[in-house]
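Novice: build the 3D model from these lines:
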Amino acid sequence: MRGRFLFVAAVLFGLWTSAAFADDTPSNGVQTALPFHKVVPPCKSSVSVRDLRTHYFSDTAKLVADFNAILGECKNEILTSKEDPNGVEDVWVIFILMTHPTDADGADPIIVHYIGHVVSSERPPGTVTLPGIAKATWVYVTDKKDDEVVGTIVSTPSVNPAVAQIGPLVAKLVPLAGGGKSTDRKTLTPQAASKPHELYLSVAKDVQLPFRRATITENEYVKTAIEKDHKASSTQVPGTETLLNVPRSWYTFDAAAGVVTGKVKGAQQATVAAVSANGNTGTSVYQTDPLSRAAALAGVTLHAPYDSTTPKATPKERLGLSIAGVITPAAGIAVGGSYGTRGIAFNVWYAWMFVSTTPSNKVIGDVVDQNANPQLVTGTARAWIIGASYTFGGS
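Specialist: Prediction:
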């Protein structure tokens, strides 16, 4: 029992250290200025600011198409010169747009945001989650030449949730020890514009993000011209947004239950039993002690990096390589394939389990040598295990 408990503890400690050191060390929030500069001359685009304002609140599909078009047509203004001109680099863009939600009299303008990528279909529409990136570009889009924008972000690191899940996992295992459609990367291409619109862009390129896992609070202020009392004037419009920077997930912690199936190969688990002859007990023999067919496991499932924020599990999230510690029927290690949905999966493992067995010069039924020490040795039994796993957390 003690050996099994220590084995489980060692496996969990290894998983915890792997997760804990995968992220930044938590610290206080870090403030970063957004160094906006105006792009001259304005970008010629098939999309107008009026289109963006209309579609933001009315048609998500058209809004996505609008911003994809801008990312293609204004690529030179948004990207840095060192980047691939074909637009296949990993550049994330946070667009800022000033709009009026309704046409009510006296309605004040508001600031809205949209996250885009230079490769189409990289993110689902409406997301506020970035995939653990080290830098991003902010772009203010307007049709007013004299608009000015300033802004800052505050990045506050967050703890990997997988680390917090180790506690509940241990609580489940200790009693046992005692007894969206996948998207393709398509390069954006400019749309044909029958009547180009002038877009005035203020761009903060390649802003460094200090933490790969953090909550980012963005604040900006836009100075824009208005007419007040029939006179030219200006006003300041504040905007705020909260973004999440979360690395793509590539592993999950799992607890599993299964059944040992087929023939158990390798070492045969044995025990020593006393036998009596003519009422005398003083002889011991080796007897078989078959492994139980019920199995309990705990471990980690490795995946190709996937986006855990999609509405539905993607193929990369569904398919994984499971590496688990066997808890029962005997301590050991198991490796196999995993396929399922978010939270639960079907698994097939091949397991190596450490069992007490006869010495190499003995077989089941042989008499135990009187001076033998130890009477049993450790061997390895091998078998297939089929079962299901439950996910406790991951990253």
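
Novice: thought residue 318 was touching residue 337, still the case?
Specialist: No: Residue 337 sits out of contact with residue 318 when judged by Cβ atoms under 8 Å, with a separation of 11.1 Å. In short, each C-beta sits where N, CA and C put it, glycine included.

Novice: in stretch 47-54, what's buried?
Specialist: 47, 48, 49, 51, 52, 53 (16 or more other Cβ atoms under 10 Å).

Novice: check contacts around the fourth one.
Specialist: When contacts are counted by Cβ atoms under 8 Å, 6 or more residues apart in numbering, residue 51 touches 62, 66.

Novice: that's a strand at it, yeah?
Specialist: No: using DSSP: H, G, I helix; E, B strand; the rest coil, the secondary structure at residue 51 is helix, not a strand.

Novice: what's the closest non-adjacent residue to residue 134?
Specialist: residue 209 (5.9 Å; Cβ to Cβ, 6 or more residues apart in numbering).

Novice: need the next SSE after the lowest-mean-pLDDT helix or strand in the chain, C-terminal direction.
Specialist: Within the chain, no helix or strand scores below strand 186-187, which has a mean of 42 by mean pLDDT, DSSP states H and E. Toward the C-terminus, strand 186-187 is succeeded by strand 197-208 as the next helix or strand (DSSP states H and E).

Novice: quick one: whichever helix or strand comes after that next one to strand 197-208, angle?
Specialist: Once the chain leaves strand 197-208, the next helix or strand it forms, by DSSP H and E, is strand 214-228. Going by axes from the mean of the first three to the mean of the last three Cα atoms, to 10 degrees, strand 214-228 is angled at 150 degrees with respect to strand 197-208.

Novice: what about the residue nearest to residue 134, neighbour count?
Specialist: As a burial measure, residue 209 scores 20 neighbours (other Cβ atoms under 10 Å).

Novice: how much space between it and residue 199?
Specialist: Distance check for residue 209 against residue 199: by Cβ to Cβ, to the nearest Å, it reads 26 Å.

Novice: rewinding a little: my guess is the residue nearest to residue 134 contacts residue 137. True?
Specialist: No: Residue 209 lies out of contact with residue 137 (Cβ under 8 Å); the separation is 11.2 Å.

Novice: show me where the stretch 151-300 of the chain has helices.
Specialist: 161-164, 166-178 (DSSP state H, counting those that start in this stretch).

Novice: where among the ones you listed is the average confidence lowest?
Specialist: Lowest mean pLDDT within those: helix 166-178, a mean of 48.

Novice: sorry, back to before: contacts only, for the residue nearest to residue 134.
Specialist: Per Cβ under 8 Å, 6+ apart, neighbours of residue 209: 32, 130, 133, 134, 135, 136, 155, 216, 245.

Novice: with residue 152 instead?
Specialist: 31, 32, 33, 34, 218, 219, 220.

Novice: and which of those is nearest residue 75?
Specialist: Distance to residue 75 across the contacts of residue 152 (Cβ to Cβ) is lowest for residue 34, with 20.2 Å.

Novice: just to check, that closest one is in contact with residue 153?
Specialist: Yes: Residue 34 lies in contact with residue 153 (Cβ under 8 Å); the separation is 6.5 Å.

Novice: please identify every residue contacting each of those two.
Specialist: 207, 218.

Novice: who's more crowded, these two?
Specialist: residue 153 (25 against 22).

Novice: the more buried one and residue 224, how far apart?
Specialist: 21 Å.

Novice: just residue 308 next, same as before
Specialist: Applying Cβ to Cβ to residue 308 and residue 224 gives a distance of 38 Å.
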